[in-house]
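here are the coordinates; sequence isn't available:
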């Protein structure tokens, strides 16, 4: 199969987190066909290919495999009609709305090209990771003994497709993707009849007051020179207009870049939740659970300096840009930290360049991006060409910048 055919197949057959059985099978077969030693079932459905050539540097290339519970609305001939079962047991539509099918395709292409190239030495590790959308897959692979089986890398390299113009790569030093923390807060009151609120402790009012108070965390407790986002994505309580329920549930998400800011925000959330519960007169302490968490992706300065020129050989000088920090999150940094290696993670432009015809600088590019479907949108789909070619070439060039050279 050509890489385009692989991509079309993956896009039409997406799989949810930790259910990437078909995708993992495709990756494993491809790697074996190209001479890699293959380890499957790492961290659930993770696949690792190893190609060792004498002594030398160890380079790890990573792609994530999972899709999202989104109903595709691209109208493409190869659009997904797949369905799956989410972690709560619900039947849901499934779509590659974040471009992980592109990531897998590009890494397969890079693995093939590097296996056919005799002019490098060292060890190449290509890793196909499950469950990035839950920010749990990297940790699952590490916990499953990844680096007891795979040699520890000298660098972890990877990319994420984004609505930058195809032909542009985005790379920055330092914090590149935000840390994420998702919390479930359960607030317990004392339910009763809606006509007698004085005989109850109303968790709906308690939760509503908490939501409003949380809006002050970023504006009043985080310095203007720092960055954080606090979002209450769900408030669930009750079943009928004249019944005051016993419980209310909040789902929160926090994004941050600096560990001290992250700690400040999380501590403020705990303080506010507990204080609002106490102010409501409840006798039951609220429960705060972390349901998703991943640290910021931090690109190593020296590793970026070494990789940047290699990426420029692919797209040309001036087409590798610093896009600024991304408020989205990624768990690729977990692999780098566990492997005690520097991380270099960049954005792969996947949008039609014609949409950026009037953009002459980075601000113009950002303005044009705002008008396009973004990752996680039901309308998001990168252009196939030249995205695949550039994605493959970028991984290959970056790997070659770190691998040894045969004499």
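Good, I have the coordinates. In this text, all values refer to a predicted model and were calculated from it rather than measured experimentally.

for residue 84, what are its contacts?
15, 16, 19, 69, 91, 92, 94 (Cβ atoms under 8 Å, 6 or more residues apart in numbering). Using the backbone N, CA and C atoms, a C-beta is placed for each residue, glycine as well.

Sorry, slip of the keys, the one I care about is residue 93.
69, 70, 71, 72, 80, 82, 83.

Could you do residue 153 as well?
By Cβ under 8 Å, 6+ apart, the residues touching residue 153 are 58, 59, 60, 125, 339, 341.

does it count as helix, strand or coil?
Under DSSP: H, G, I helix; E, B strand; the rest coil, the three-state class of residue 153 is coil.

From residue 141, how far off is it?
13 Å (Cβ to Cβ, to the nearest Å).

How about residue 53?
In this view, residue 53 and residue 141 are 24 Å apart by Cβ to Cβ.

These two: which is more packed in?
residue 141 (29 against 14; other Cβ atoms under 10 Å).

Nearest residue to that one in space, ignoring adjacent ones along the chain?
Leaving aside its sequence neighbours, residue 141 sits nearest to residue 43 (Cβ to Cβ, 6 or more residues apart in numbering; 3.4 Å).

How about the contacts made by that neighbour?
Listed by Cβ under 8 Å, 6+ apart, the contact set of residue 43 reads 129, 130, 131, 137, 138, 139, 140, 141, 142, 143, 144, 146.

got it, and residue 14?
When contacts are counted by Cβ under 8 Å, 6+ apart, residue 14 touches 67, 68, 80, 82, 94, 95, 96, 101.

Using PyMOL, define a selection of the buried residues within the contacts of residue 93.
Selection of the buried residues among the contacts of residue 93 in PyMOL, burial being defined by 16 or more other Cβ atoms under 10 Å:
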select buried, resi 69+70+72+80+82
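
Next secondary structure after the lowest-mean-pLDDT helix or strand in the chain?
Lowest by mean pLDDT, DSSP states H and E among the helices and strands of the chain is helix 362-370, with a mean of 87. Sequence-wise, the next helix or strand downstream of helix 362-370 (DSSP states H and E) is helix 387-402.

Which strands and helices lie in contact with that following helix?
In this structure, helix 387-402 packs against helix 3-12, strand 58-64, helix 100-115, strand 155-165, helix 301-315, strand 343-351, with contacts taken as 3 or more Cβ pairs under 8 Å, 6 or more residues apart in numbering; DSSP states H and E.

can I get those in CSV with mean pLDDT, distance to residue 335 and mean neighbour count?
Shown next, in CSV, are the helices and strands packed on helix 387-402 (pLDDT from 0 to 100; distance: least, Cβ to Cβ, whole Å; neighbours: other Cβ atoms under 10 Å):
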stretch, mean pLDDT, distance to residue 335, mean neighbour count
helix 3-12, 98, 22, 18
strand 58-64, 98, 6, 26
helix 100-115, 98, 14, 24
strand 155-165, 97, 5, 25
helix 301-315, 98, 14, 17
strand 343-351, 98, 8, 26
